[in-house]
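sequence and computational prediction follow.
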Amino acid sequence: MTKELAVETTNLRKSYKGRAVVDGISLGIEKGTTYGILGPNGAGKTTTVEMIGGLRKPDSGAVSVLGLHPVRERARLRQVLGIQLQSALLHDALTAKELVDLYRSFYPNPRSVEETLGLVHLSEQRNTRFQKLSGGQQQRLSVALALVGRPEVVILDEITTGLDPTARRRIWATLETLHDDGVTVLMVSHAMDEVERLCDRVALIKDGRVLIEDTPAGITESAGAENLEEAFVSLTGTEIYEGEAA
C-alpha cells in the first residue's frame, strides 16, 4: 500500500542570470519520513528546499506540502511547516525564552517554552541573550524555533554544521524523537554519518538534477561503495568539504 505523500515536487526549475540552479527536480516524500538531500557545492540543495518552503518561487514546476501550495496558501502552510535555514537571523538582544515566546505567538497550539528549549537541551540558557549564546547554542535555538509550532513537516538546512560531537548527538536525538512522533523531516546535510543514521531515504543531486534516490544503503550498494561517503564521491565526482554551501 502506497503511503500518503507529505511533500511532492514535479519538474521543479529555478534559474539565476540564465543559469539553471534547479533543473527539473521531482521528489515524493512520504509522511513520517526523514528525508535527506545531498549534493556537492552549488548543486541546488538549499534553493530546492526554499522553494518547497515557499521562500522562493519556482520558474516552473509544481510543489505541494501536505496538499498546500507554498506560495498561494502560505498562511495555512506556516501552521504546519517549520523551517530552519542557515541564513536565519535572530534578534541579538532577546533571550532564548523571549525568542521562543515570540515564535509561540505565531501558532494556535505551540509547545511550552520549557518543552521547546528542552528539545534542544537549552533549558539552562533560557535567560541568556541570543548574542551571548555560543555558535552551537544559536544553531540549536534556531532548530527549537522551527519546532515550537508542533509542525507536521520540518525543513532543516545543515543543522549540525560547526557543532561539537555532544551537541550533534543531542540534535540527532531530537530528530529521532520527531521521527518516532510521525513528523516528516526534510534535511539538507553534507555529514554522511548523520544521513546514514537518520534518513529513511536520500536524494543525491548534482547540477540541479537528481542523480539517484534511494535509501542510504541502496545508494551505497548502487555505487559499489563501502559507505555513503564513498558513494557520494563516486557518483558526484567531487569531494566532501566541511560547511559546503548548498
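Everything's here; your move.

report the beta-bridge partners for the residue positioned nearest the centre of the chain.
Centroid-nearest residue in the chain, with Cα atoms, centre = their mean: L156, separated by 2.1 Å. On the basis of DSSP bridges, L156 is bridged to Q84, M187.

wouldn't it be in contact with A191 here?
No: under the criterion of Cβ atoms under 8 Å, L156 makes no contact with A191, lying 12.0 Å away. To be clear about C-beta, it is placed using only N, CA and C from the backbone, and glycine gets the same treatment.

how about the contacts made by the residue nearest to the centre of the chain?
Q84, V143, A146, L175, V185, L186, M187, V188 (Cβ atoms under 8 Å, 6 or more residues apart in numbering).

got it, and F232?
L38, M192, L204, T238, I240.

repeat for E4
Neighbouring residues of E4 by Cβ under 8 Å, 6+ apart: E30, K31.

roughly how far apart are it and A62?
17 Å (Cβ to Cβ, to the nearest Å).

where is the longest helix in this protein?
Under DSSP state H, the helix in the chain containing the largest number of residues is helix 165-180.

buried residues, that one. List them.
For helix 165-180, burial by neighbour count (16 or more other Cβ atoms under 10 Å) applies to A167, R168, R170, I171, W172, T174, L175, L178, H179.

where does this structure have low pLDDT?
Along the chain, segments meeting pLDDT under 70 span 1-2, 86-89, 239-246.

could you rerun that using 90?
1-3, 17-18, 41-42, 84-93, 119-121, 134-140, 158-171, 174, 190-191, 237-246 (pLDDT under 90).

all strands for it, in order.
5-16, 19-30, 34-38, 60-65, 81-84, 153-157, 184-188, 201-206, 209-214 (DSSP state E).

out of the ones you listed, the one nearest T95 is which?
strand 81-84 (18.9 Å; Cβ to Cβ).

figure out how far the closest one is from the centre of its chain.
How far strand 81-84 lies from its chain's middle: 8 Å, per Cα atoms, centre = their mean, to the nearest Å.

much appreciated, bye for now.
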